[in-house]
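> Structure here, sequence nowhere to be found:
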C-alpha cells in the first residue's frame, strides 16, 4: 500500500507492506511515519469535525477528542447529528463523553452567532 504520512509537515511517501504477518513501513523519515503507516494499514483512524446546534439555534463547531476507527465514522457522525449543545457551551467544553464506547469525546471548537 502506498500512502502519504500526515503526522508532520514533511508528508513522506510511505510504502506499507505485510510480509509473513509482519507490517513493514519504508519511506518515512521519522518514527511517527512508521507508527502512522502501521496504523493506516491495520486499522485506519480519523478525527471527525462537524457542526451542532445549540439550544437557541446557533451553530457550534465540534471535533472528536481523538481519532476513531474509519469503520465507525458514519456511526459517530449520526450520533453528532442528534446532539444539541447548551447555550453556555464554550470552546473546549465537552458535549458528549466516550461516544459509542470509542473513548472519544465531542468537544466544542468554535461558536457562531
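Looks like it arrived, so ask away. Just so you know, these numbers come straight off a predicted model, no measurement behind them.
> Measure how buried the nearest residue to residue 86 once chain neighbours are set aside is and give me the count.
Leaving aside its sequence neighbours, residue 86 sits nearest to residue 55 (C-beta to C-beta, 6 or more residues apart in numbering; 5.9 Å). No exception for glycine: its C-beta is placed from N, CA and C like everyone else's. By the criterion of other C-beta atoms under 10 Å, residue 55 has 11 neighbours.
> What separation do you get for residue 55 and residue 21?
52 Å (C-beta to C-beta, to the nearest Å).
> Next: residue 4.
Distance of residue 4 to residue 21, computed by C-beta to C-beta: 25 Å.
> Test my guess that the residue nearest to residue 86 contacts residue 85.
Yes: contact criterion C-beta atoms under 8 Å: residue 55 and residue 85 qualify, at 7.5 Å.
> So between residue 4 and residue 21, which is more surrounded?
Legend: neighbour count by other C-beta under 10 Å for residue 4 and residue 21, higher for residue 4 (13 against 5).
> Can you spell out which residues form a bridge with the more buried one?
Note on residue 4: beta-bridge partners residue 13, judged by DSSP bridges.
> contacting residues around it?
Neighbouring residues of residue 4 by C-beta atoms under 8 Å, 6 or more residues apart in numbering: 11, 12, 13, 14.
> pLDDT score for it?
Residue 4 carries a pLDDT score of 96 in this model.
> domain ranges for this protein?
The chain breaks down into these domains under automatic domain parsing: 2-42, 49-112.
> Now do the last one: distance to the chain's middle.
What it means is domain 49-112. Computed by C-alpha atoms, centre = their mean, to the nearest Å, the chain-centroid distance of domain 49-112 equals 12 Å.
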